[in-house]
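[1] Can you look at this prediction? I've put the sequence above it.
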Amino acid sequence: MQVFCLATSERADVECKICGQSYALYFERKSFEERAAAIQMVREALEHHHLHSADPDVHPQKAFTVPEWNGPAHMSGAAILGGAPPWAA
């Protein structure tokens, strides 16, 4: 399952427990169990960003997907099926 992660200062689904950056999440699938597992994957990815740098801006500046893929994040299945806002591109 893929998740589209978009930094936000407004409605947040998850926050990085290290730096507090907030993210709105958009999911390919909507079941509670799949979303819970995906949220855990996002939390782990956010922590992983901090392993390689002490810089406070370690997270991607643009939207990103978990798990990562090589295409543009705004064209991911999670962004399209999850209803991410068009301006996220």
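    Structure's in. What do you need?
[2] can you list the weak-confidence ranges in this structure?
    Scanning the chain with the threshold set as pLDDT under 70 gives 89.
[3] Trp87: what secondary structure?
    helix (DSSP: H, G, I helix; E, B strand; the rest coil).
[4] And for it, the neighbour number?
    Neighbour count for Trp87, taken as other C-beta atoms under 10 Å: 7. (Each C-beta comes from the backbone N, C-alpha and C, glycine too.)
[5] Could you tell me which residues make contact with it?
    Residues near Trp87 by C-beta atoms under 8 Å, 6 or more residues apart in numbering: none.
[6] swap in Ile18?
    Contacts for Ile18 (C-beta under 8 Å, 6+ apart) come out as Leu46, Glu47, His50.
[7] do you know how far the closest residue to Lys62 other than its chain neighbours is from Phe32?
    Nearest non-adjacent residue to Lys62, counting by C-beta to C-beta, 6 or more residues apart in numbering: Ala73, 6.8 Å away. Using C-beta to C-beta, to the nearest Å, Ala73 is found at 24 Å from Phe32.
[8] again with Lys62
    29 Å.
[9] Over to Ala7: give its phi and psi.
    The phi and psi values for Ala7, taken as degrees, to the nearest 10, are phi -60, psi 140.
[10] and it, how many residues sit next to it?
    Neighbours of Ala7 under the rule other C-beta under 10 Å: 17.
[11] Next: the one 4 residues further on.
    Counted with other C-beta under 10 Å, the burial measure for Arg11 works out to 7 neighbours.
[12] in what helix or strand does the closest residue to it other than its chain neighbours lie?
    Using C-beta to C-beta, 6+ apart and skipping residues adjacent in sequence, the residue nearest Arg11 is Ala24, 5.9 Å away. Assigned by DSSP states H and E, Ala24 belongs to strand 22-27.
[13] packing partners for that strand?
    Judged by 3 or more C-beta pairs under 8 Å, 6 or more residues apart in numbering; DSSP states H and E, the packing partners of strand 22-27 are strand 3-8, strand 14-15, helix 32-51, helix 77-82.
[14] Which one's more surrounded, Lys62 and Phe32?
    Higher neighbour count among Lys62 and Phe32: Lys62, with 12 against 7, using other C-beta under 10 Å.
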